[in-house]
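J.: What would the 3D arrangement of this be:
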Amino acid sequence: MSDGFFHEGDLVGVLTTQPLDRLLDYKAPEGGCQLGAFVEVPLGPRKVIGVVWGAGRGDYDHIKIRSVIRVMDAAPMRAEMRDFLRRAADYTLTPMTAMLRLATRAPGLGDPPSMRKVYRLGPSEPDRMTDARRKVLEVLRDYGGLSFTLKELAEMAGVTSSVVKGLVKQGAVAEEDAPRDTPFLHLDADFGGKDLSADQAKGADFLRQAIQSDRYGTTLLKGVTGSGKTEVYLEAVAECLRKGRQALVLLPEIALTSEFLTRVEARFGARPAEWHSGVTMTERRRAWKMVGVGAAQLVVGARSALFLPYQNLGLIIVDEEHDTSYKQEDGVLYNARDMAVLRASIVGAQVVLASATPSLESYVNAEQGKYAKLELTSRYGPAVMPKMRAVDMRDEVLPSDKWISPALAQSVQARIEKGEQSLLFINRRGYAPITLCRACGHQIGCDDCDARMVEHRFLKRLVCHQCGETKPMPTVCPSCEAEDRLAPVGPGVERLTEEATALFPNAKVVTLSSDLFGSARAMKEQIEAIAAGDADVIIGTQLVAKGHNFPKLTLVGVIDADLGLQGSDLRAAERTFQLMRQVAGRAGRAEVAGEAMLQTYQPEHPVIKAILSGDEDGFWAAEAREREAAGVPPFGRMAGIILSSPNVQEVFDLGAAMVRGDGPLRAIGAQVFGPAPAPIARIRGRHRVRLLVKAEKTAPLQGAIAKWVAQFKPPNTLRLTVDIDPQSFY
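T.: Next up is the predicted model:
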């Protein structure tokens, strides 16, 4: 190898996406290949994708070593990306092959380039000018000779495709064959900047200077809901584009993407690349390839967009950085917020963590000076923060099968009469969380999990929210066979909709829950309709707490503010505080002042009092003191070990053996708790046991866990999963 290039016949070590624990030796193909090249290689009878990771080891019979089939048409994986995958694998204790799968999740990467028709400005003028033809030519001139597909050009000009075809015949528009994976339209950093408030301008200037430094740094951008955090960090994106570097904006939910893309287009004059489960396979491949050659300046996406092959990444925005959906809970267990910081530190990029209610980890890092901190303390324009008040449910007279208190109902009715919107929030999907037999007390559970099945009346089925199993709503008790004795217990979002519809018969009641939409497009259309005023009362789950802007919404009612305070999760208080503040922040985002009412049976609870008082710094400081005293994150390290098997004895036997063999953990001063049945002790027929490892902040936890786990050889039926920095304990 010379200068990272392997000549034909040289031995190369290839990392494949197959579940093998080593690099495989191959001979470089005719014409040679570069270090980092994406290649297709033979593996048994199959052809698989891999990356040239280095020189081959040569410890195998040279005659039997096969050749690389071909080098793929993709930019080689850069050294910084290989370093990122290695370090992420070491941190999360994940095999490198699984990390590579994350970095190659685009369809058709091995396909040869294909062609399609594109259209650009032609050399002639049409013999007759019409308004429709003028619009097409203006679009082509405005974009400086860039090419468009027929559909793109017709949509941007607001004309039919036949108008474009007519201009082709006239020679005014040129039709050409071009590669299917085309560059994304140029984003203009100076296109549509907005007037910023003094608060916003100060924050934007700070971020611009940070980006100009070309050094790594992380900034916590904390701003009350409606303060205009998005406009501030879009100015950071603009500065990054001026520097010729790429930017990434991570969003926690697909439902937020549509509104955000509209804002990006208004700011930069064109749409960015998208990367999430809602985009087509064709667009995923295009985004992956164009990011790799620098032909996508900005990517807006879900957590896995971190693993795209950026050519020159200069900025990562993590919007709603506190959101739990940034933690991937299956496959590779990683937290996108933390991996964003790791990736930026490798390439000398800036990270902006944006939230109205930051995670305690980010709050502590900012307090300790590891992160810079920017605060936006007031809402943008005439909007003011909503008034917060508790509804003490101990004083409310309410039937046992109703959940909207008289006080809240009266406030909703007043908003309806004024033509304003109200939101009733409950963090439970479905109709009722439990279906109970009044004859024998049996609660209908999932056949494959230790979880109660949730009634979804709109679907006319029971659904397990752990494994997704469904069954028709039974008419007789499966235990005692009593007829007509099954009753729903507790409210879900659908049952609340039923109650609200009866309470407010003249109002339009709309339900926002992820279960009720067949596609991201349907959800987007409903959200847009609500924002336009096409609803009087919105019934919503956690989906509504995330970043949506409903200008006519002036009242938020939280049905069960105590719900998140139950259980032993160390983050229960933090998450309840964040969720309540985020939901309340949906109210009063325009000219009319808003109000948030929290129904609670514990108005004296410290978390409820902190929410109502608005003393956020006081809450975070108190929560930090408690965590520090307990030695738990962010002041200590934790890791979860989850054992699962169809055989319950198998998981408990291995769990007990692991506790007895905890020498590598004791050597670093770590403690092991368990084994204990997981809170949901069976999912999809597999029994689940958890162990919890706790260590000091500076302890070399990953190395010790790797040595500890390596002592045991579980049977093939048993799965052992390591979760570094667990976010949930189910």
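J.: Number of residues surrounding residue 569?
T.: 17 (other C-beta atoms under 10 Å). Heads up, the C-betas are built off the backbone N, CA and C, glycines and all.
J.: Repeat that for residue 699.
T.: Neighbours of residue 699 using other C-beta under 10 Å come to 18.
J.: for the chain, longest strand please?
T.: strand 671-683 (DSSP state E).
J.: Strand 671-683 and the helix or strand following that one, what's the angle between them?
T.: Helices and strands here follow DSSP states H and E; after strand 671-683, the next one along the chain is strand 686-696. Strand 686-696 runs at 160 degrees relative to strand 671-683, counting by axes from the mean of the first three to the mean of the last three C-alpha atoms, to 10 degrees.
J.: Does strand 686-696 pack against any helices or strands, and if so which?
T.: strand 636-645, helix 648-660, strand 671-683, helix 701-710 (3 or more C-beta pairs under 8 Å, 6 or more residues apart in numbering; DSSP states H and E).
J.: list the buried ones in the longest strand of the chain?
T.: 672, 674, 675, 677, 678, 681, 682, 683 (16 or more other C-beta atoms under 10 Å).
J.: Repeat that for stretch 70-87.
T.: 70-72, 74-78, 81-82, 84-85, 87.
J.: ok, back up a step: give me the contacts around the longest strand of the chain.
T.: 448-451, 466-467, 641-644, 651-652, 655-656, 658-659, 662, 665, 687-695, 729-730 (C-beta atoms under 8 Å, 6 or more residues apart in numbering).
J.: Direction included, what does it pair against?
T.: Here strand 671-683 has these sheet partners by DSSP bridges: strand 686-696 (antiparallel).
J.: For the strand it pairs with, list the C-alpha coordinates in PDB.
T.: Written as PDB, here are the backbone C-alpha positions of strand 686-696 (Å, rounded to 0.1, in the frame of the first residue of the first chain):
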ATOM      1  CA  ARG A 686     -38.800 -14.300  25.900                       C
ATOM      2  CA  HIS A 687     -38.300 -14.000  29.700                       C
ATOM      3  CA  ARG A 688     -36.200 -11.000  30.700                       C
ATOM      4  CA  VAL A 689     -33.800 -10.500  33.600                       C
ATOM      5  CA  ARG A 690     -31.900  -7.300  34.300                       C
ATOM      6  CA  LEU A 691     -28.600  -6.500  36.100                       C
ATOM      7  CA  LEU A 692     -27.600  -3.000  36.800                       C
ATOM      8  CA  VAL A 693     -24.000  -1.900  37.100                       C
ATOM      9  CA  LYS A 694     -23.100   1.300  38.900                       C
ATOM     10  CA  ALA A 695     -19.700   2.900  39.000                       C
ATOM     11  CA  GLU A 696     -17.900   6.200  39.700                       C
END
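J.: Out of the buried residues of strand 671-683, which comes closest to residue 459?
T.: residue 683 (21.1 Å; C-beta to C-beta).
J.: List the beta-bridge partners for the closest one.
T.: Under the criterion DSSP bridges, residue 683 forms beta bridges with residue 686.
J.: distance of it from residue 719?
T.: Distance, residue 683 to residue 719, using C-beta to C-beta, to the nearest Å: 11 Å.
J.: Equivalent analysis for residue 105, please.
T.: For residue 105, the distance to residue 719 - C-beta to C-beta - is 22 Å.
J.: now do residue 702
T.: Taken as C-beta to C-beta, the span from residue 702 to residue 719 is 20 Å.
J.: ok, those two, which is more surrounded?
T.: residue 702 (16 against 13).
J.: Name all residues that make contact with the closest residue to that one other than its chain neighbours.
T.: With C-beta to C-beta, 6 or more residues apart in numbering as the criterion, residue 702 has its nearest non-adjacent residue at 5.8 Å, and that residue is residue 93. Contacts for residue 93 were tallied using C-beta under 8 Å, 6+ apart; they are 702, 705, 706, 709, 722, 724.
J.: check contacts around the first one.
T.: Going by C-beta under 8 Å, 6+ apart, residue 702 touches 90, 91, 93, 724.
J.: What of the fifth one?
T.: The contact partners of residue 722, taken as C-beta under 8 Å, 6+ apart, are 92, 93, 333, 639, 640, 641, 705, 709.
J.: Narrow these to just the buried residues.
T.: The buried subset of those - by 16+ other C-beta under 10 Å - is 92, 93, 333, 639, 640, 641, 705, 709.
J.: Mind listing the residues bridging to the residue nearest to residue 724 when sequence neighbours are not counted?
T.: Once flanking residues are discounted, residue 724 sits nearest to residue 639: 5.1 Å by C-beta to C-beta, 6+ apart. In this structure, residue 639 bridges to residue 693, residue 724 when assessed by DSSP bridges.
J.: does residue 639 really touch residue 703, like I thought?
T.: No: using C-beta atoms under 8 Å, residue 639 makes no contact with residue 703, being 11.9 Å away.
J.: thought residue 8 was touching residue 68?
T.: No: counting by C-beta under 8 Å, residue 8 stays clear of residue 68, with 9.7 Å between them.
J.: Those two: who's more crowded?
T.: residue 68 (23 against 13).
J.: before we move on, the earlier item: can you list the helices and strands packed on strand 686-696 in TSV and add mean pLDDT and distance to residue 313?
T.: Formatted as TSV, these follow (pLDDT from 0 to 100; distance: least, C-beta to C-beta, whole Å):
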stretch	mean pLDDT	distance to residue 313
strand 636-645	95	28
helix 648-660	94	39
strand 671-683	88	37
helix 701-710	96	25
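J.: Export those to TSV and append columns for distance to residue 267.
T.: TSV is the format used below for the helices and strands packed on strand 686-696 (distance: least, C-beta to C-beta, whole Å):
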stretch	distance to residue 267
strand 636-645	40
helix 648-660	52
strand 671-683	44
helix 701-710	41
